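[1] Kindly generate the corresponding structure for this input.
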Amino acid sequence: MTGVADEAIMLELVDEGGATIGTAEKLAAHQSPGQLHRAFSVFLFDRAGRLLLQQRALGKYHSPGVWSNTCCGHPYPGEAPFTAAARRVHEELGVSPALLRTAGTVTYHHPDPASGLVEHEYNHLFVGFLDAPLAPDPEEVAQTAFVSADELAKRHADDPFSAWFLTVLDAARPAVRELTGGSAGW
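    Numbering: from 1, shown residues only. Next up is the predicted model:
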């Protein structure tokens, strides 16, 4: 979902330890200074060890047109992060992961100067494999690309990426290395 409808979506507010302490509307939680809320980030790979990136749709209210990890979002209040991650991968990319597993958590506070919004998230990380063809929702995803670690470094130097991308990737790297056997350079 994009646009005005996002304002009515409720997010779980959490404390520094990840315990739920309340709820807030999605847009309100992202307004400065930002309220710490539950989120997730997914990193899916093909069997050659290439990471699936997505370029966020131009119509998104937050960080439109930037490249980011395979999928990210927010669980509904009371929804398990794993369930939310699998659901959003299917909603955004039209496919279900062949394997999806937890990869830890990371907390961050990233202001977005372009929009004035703030990502203050307690982020659950997931890694896995993707074996089926993609069918991205154009309201969510402008483009996709499978990249090697070297190709990612070049793309990251040349193209705009989400403010949170390197934070979540760095936090997920141990699980990524385990998943890919370390042979893909991650």
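[2] Which pLDDT value does the model give residue 63?
    Residue 63 is assigned 89 on the pLDDT scale.
[3] residues in contact with it?
    Contact partners of residue 63, counting by C-beta atoms under 8 Å, 6 or more residues apart in numbering, are 56, 112, 114, 115, 162, 163. Using the backbone N, CA and C atoms, a C-beta is placed for each residue, glycine as well.
[4] does residue 42 count as helix, strand or coil?
    At residue 42, secondary structure determined by DSSP: H, G, I helix; E, B strand; the rest coil is strand.
[5] pLDDT at it, what is it?
    pLDDT, residue 42: 98.
[6] any idea how far the residue nearest the centre of the chain is from residue 48?
    Residue closest to the average C-alpha location in the chain (C-alpha atoms, centre = their mean): residue 72, at 2.2 Å. In this view, residue 72 and residue 48 are 23 Å apart by C-beta to C-beta, to the nearest Å.
[7] How about residue 176: what's its closest non-neighbour residue?
    Distances taken as C-beta to C-beta, 6 or more residues apart in numbering put residue 186 closest to residue 176, at 4.6 Å, once the chain neighbours are dropped.
[8] The one you found: how many residues sit nearby?
    Residue crowding around residue 186 was assessed by other C-beta atoms under 10 Å; the count is 23.
[9] In the lengthiest helix in the chain, which residues are buried?
    Scanning the chain for the helix with the most residues, using DSSP state H, yields helix 165-180. If you call a residue buried by 16 or more other C-beta atoms under 10 Å, then helix 165-180 has these buried ones: 165, 167, 168, 169, 171, 172, 175, 176, 179, 180.
[10] next one: stretch 137-149
    Quick answer for stretch 137-149 (16+ other C-beta under 10 Å): 140, 141, 142, 146, 147.
[11] Identify, from those residues, the entry nearest to residue 66.
    Of all these, the one with the least separation from residue 66 (C-beta to C-beta) is residue 142, at 9.6 Å.
[12] Would you quantify the distance from the closest one to residue 21?
    Distance from residue 142 to residue 21, by C-beta to C-beta: 35 Å.
[13] Show me the strands in the protein, by range?
    Ranges of strands in the chain, per DSSP state E, are 10-14, 20-25, 37-45, 51-56, 67-68, 71-73, 99-111, 118-129, 141-147.
[14] and the ones you listed, which is most packed in?
    Among those, ranked by average contacts under mean count of other C-beta atoms under 10 Å, first place goes to strand 37-45 (a mean of 26).
[15] how much does that strand deviate in direction from strand 20-25?
    Counting by axes from the mean of the first three to the mean of the last three C-alpha atoms, to 10 degrees, strand 37-45 lies at 80 degrees to strand 20-25.
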